[in-house]
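Trainee: Sequence and predicted structure, then a few things I'm wondering about:
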Amino acid sequence: MAEVKISDMRDLTRIERIGAHSHIRGLGLDSALEARSSSEGMVGQTSARKAAGVIVKMVQEGKIAGRAVLLAGQPGTGKTAIAMGMAKSLGQETPFAMLAGSELFSLEMSKTEALMQAFRKAIGVRIKEETEVIEGEVVEIQIDRPAVAGAASKTGKLSLKTTDMETVYDLGGKMIEALGKEKVQSGDVIAIDKASGKISKLGRSFSRSREYDAMGPQTKFVQCPDGELQKRKEVVHCVTLHEIDVINSRTQGFLALFTGDTGEIRAEVREQIDTKVAEWREEGKAEIIPGVLFIDEVHMLDIECFSFLNRALENDMAPILVVATNRGITTIRGTNYRSPHGIPIDFLDRLLIISTQPYTSDDIRQILDIRCQEEDVDMSEDAKVLLTKIGEDTSLRYSINLITSAALACQKRKGKVVEMEDISRVYELFYDVKRSTQYLMEFQNQYMFSEVIGEGEGDEDEANAMVS
């Protein structure tokens, strides 16, 4: 008898990519805004996380707008992670727009227009409107199909009931098709939007719960609606001001949202939209949700951008601005002046500054544990100790990058658990910044356009600074 080979079956359910901050679920704070030592993917930086939690709370309560926060700290101290934690804590309802400082200089529009669009993306509008719906439990669906194909369109009747009443509705071809698409049957609780004719399946009636075995565990059971079949319901749509701008600025504005080809939007269009939104607010039809605009690498902005931000923050409908930088005292782009973090003093005066501190060895160990779990890598205790030591001597980012490389080295030797030898192997293969700089200093004469460091104290200090 021929031997049957069974091919390996692979799990294809998990398709999301693992990113640098994909393990962040929030800021890791309790109800009293106290930072837990390790929670929701966040480790250490307790004072910075507490400060960020206060900002998040104020944003959620709508207490502040037009304020700016600066996350300042050395590279690899979790500034972007805190910003991502803020975004997760705010939830889906609150707009959170992210931007890198260098992006403004590569877009096909002026810097101020790109900043204005980013500002408008971070301001949400919750629009409320009333709509008439028919909501009830399906008693019976009767569909009369013509005897000869194509002779006439299908017609039918739909019986709906609530706890108080029952009514029969005549069905046309479009409604029959919509009911078929939703697979509506007797015993389902449905809602029909009268304006658009859209059918929504709310669930299965509790009166049919005895048929549970024939349906499966995914079936949702709901109560039969009470009162009138026809009801007025309040529907809430959440959009950003930028989306309204794009839709109103051109004929194919809605498609431009998907292609990203928004172009420059005229100031007149924005003024009209602001006036209309203000009218809706007065009538109680709309509500403004100030969100958060996060600009990473803010030192890349020039003096013109900072002047624009100064003015934009004074606007009535300004979001919370969160900026981050890892620079010390450096030159302001576009000038010859030096300033803390490369930010002009007048703009720096507006900022609430949150400082991040270097991670301790315990923090590095906990972060590596979380990243191993996130990347599905089994690592021995000794290997984790060695990786923590590497993280202390080089950088946290370098040690995190070695996790997947070590896992591949482990697979090559047919191992199941990453050991110290795998970490040592990839450590020899991939240089960190210190070793790479040291190598360049030794062999710089063999490289093109290299500047040979001369003898002298200043040059020696510079070389030491590069290595350290």
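Mentor: It's in. Residues are numbered from 1 along each chain as shown.
Trainee: Please make it C-alpha for all contacts and neighbour counts, starting now.
Mentor: Noted.
Trainee: where exactly do the helices run in the stretch 251-400 of the chain?
Mentor: Taking DSSP state H, counting those that start in this stretch as the criterion, the stretch 251-400 of the chain carries its helices at 253-259, 267-283, 303-312, 345-348, 361-374, 381-393, 396-412.
Trainee: can you list the ones you listed in JSON lines and add mean neighbour count, distance to residue 102 and mean pLDDT?
Mentor: Formatted as JSON lines, these follow (neighbours: other CA atoms under 10 Å; distance: least, CA to CA, whole Å; pLDDT from 0 to 100):
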{"stretch": "helix 253-259", "mean neighbour count": "14", "distance to residue 102": "21", "mean pLDDT": "54"}
{"stretch": "helix 267-283", "mean neighbour count": "14", "distance to residue 102": "24", "mean pLDDT": "87"}
{"stretch": "helix 303-312", "mean neighbour count": "16", "distance to residue 102": "12", "mean pLDDT": "91"}
{"stretch": "helix 345-348", "mean neighbour count": "14", "distance to residue 102": "19", "mean pLDDT": "91"}
{"stretch": "helix 361-374", "mean neighbour count": "18", "distance to residue 102": "28", "mean pLDDT": "89"}
{"stretch": "helix 381-393", "mean neighbour count": "18", "distance to residue 102": "28", "mean pLDDT": "92"}
{"stretch": "helix 396-412", "mean neighbour count": "19", "distance to residue 102": "21", "mean pLDDT": "90"}
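Trainee: so which of the ones you listed gets nearest residue 185?
Mentor: helix 253-259 (35.4 Å; CA to CA).
Trainee: Of all the residues in stretch 131-143, which ones are buried?
Mentor: Across stretch 131-143, burial judged by 16 or more other CA atoms under 10 Å covers 133, 134, 135, 136, 137, 138, 139, 140, 141, 143.
Trainee: In helices, which of those residues appear?
Mentor: When these are checked against helices using DSSP state H, none is located there.
Trainee: Which pair of those residues spans the longest distance?
Mentor: 133 and 143 (22.4 Å).
Trainee: longest strand in the chain, by residue count?
Mentor: strand 123-144 (DSSP state E).
Trainee: following it, which helix or strand comes up?
Mentor: strand 155-161 (DSSP states H and E).
Trainee: That following strand versus strand 123-144: what angle between them?
Mentor: 120 degrees (axes from the mean of the first three to the mean of the last three CA atoms, to 10 degrees).
Trainee: So what touches strand 155-161?
Mentor: With contacts defined as CA atoms under 8 Å, 6 or more residues apart in numbering, strand 155-161 is touched by 136-145, 166-173, 176, 229.
Trainee: what do you get for stretch 303-321?
Mentor: Under CA under 8 Å, 6+ apart, the answer for stretch 303-321 is 59, 64-69, 111-112, 115, 119, 122-123, 290-295, 332-335, 343-344, 347.
Trainee: Could you turn the buried ones of those into a ChimeraX selection?
Mentor: Buried residues among the contacts of stretch 303-321 (16+ other CA under 10 Å), as a ChimeraX selection:
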select :59,65,66,67,68,69,111,112,115,119,122,123,290,291,292,293,294,295,332,333,343,344
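Trainee: Show me the contacts of stretch 303-321 that map onto strands.
Mentor: If you go by DSSP E, those have 68, 69, 123, 290, 292, 293, 294, 295 in strands.
Trainee: Report the central residue of the protein.
Mentor: residue 87 (6.5 Å; CA atoms, centre = their mean).
Trainee: Sketch out the low-pLDDT regions of this protein for me.
Mentor: Where the chain drops to pLDDT under 70, the residues are 1-19, 63-65, 107, 146-153, 209-218, 250-262, 450-468.
Trainee: Enumerate every residue touching residue 284.
Mentor: For residue 284, counting by CA under 8 Å, 6+ apart, there are no contacting residues.
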